[in-house]
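In: Quick one: sequence plus predicted model below, questions after.
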Amino acid sequence: MVISPIYKIPQSVLVVIHTPAHDVLLIRRTDAGTWQSVTGSKDFETEDWHETARREVLEETGIDASHPQCLLQDWQLENIYDIYPAWRWRYAPEVSRNTERVFGLRVPHGTPVKLNPAEHTELQWLPWHAAADVCFSASNAEAILMLPRFAGRPA
């Protein structure tokens, strides 16, 4: 299916940013006021999942996921879900579902974060189990709860 560039592509990433101690970065959305990990759609259909994850992390947090002290891992998990009616207008009329690819990004403790003020208003670092409780999105909370299992895997 070819989708016009005026619409969002229904393929996105969810990136759980965490420290080696499994503290998780959550950011508050400007539009809904909810807490989440980094999320974002592909810019074009052939964009590589890793590139989408790197770009979204940089755009939303200022963190360079390619930095040698960071480790970006594709968890090889995908969530397929119905797009919330309030956000359906962003997608082509025939699109009702989104595929979300899950990544983890390990960063050193104390990594500076510079939020994009157009997208997020504040940030917090929380232990992984507490971060899962704060997330609005069930798939985001579930991904955070998987952090201890995936964070120790080799890249």
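Out: Noted; the coordinates are in hand.

In: what about the helices in the chain?
Out: For the chain, the helices defined by DSSP state H occupy 49-61, 128-134, 138-145, 147-151.

In: Mind listing what's buried along the third one?
Out: Spelled out, it's helix 138-145. Buried positions in helix 138-145, judged by neighbour count with 16 or more other C-beta atoms under 10 Å: 139, 140, 141, 143, 144, 145. In this view, the C-beta of every residue, glycine as well, is placed from N, C-alpha and C.

In: packing partners for it?
Out: strand 11-18, strand 71-82, strand 97-106, helix 128-134 (3 or more C-beta pairs under 8 Å, 6 or more residues apart in numbering; DSSP states H and E).

In: So which of these is the most surrounded?
Out: Across those, averaging neighbours per residue (mean count of other C-beta atoms under 10 Å) puts strand 11-18 on top, at a mean of 24.

In: what are the C-alpha coordinates of it, in PDB please?
Out: Provided in PDB are the C-alpha atoms of strand 11-18 (Å, rounded to 0.1, in the frame of the first residue of the first chain):
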ATOM      1  CA  GLN A  11       4.600   2.200  11.100                       C
ATOM      2  CA  SER A  12       6.200   3.500  14.200                       C
ATOM      3  CA  VAL A  13       8.800   2.800  16.800                       C
ATOM      4  CA  LEU A  14       8.700   2.700  20.600                       C
ATOM      5  CA  VAL A  15      12.100   3.300  22.200                       C
ATOM      6  CA  VAL A  16      12.500   2.500  25.900                       C
ATOM      7  CA  ILE A  17      15.500   4.600  27.000                       C
ATOM      8  CA  HIS A  18      17.200   3.300  30.100                       C
END
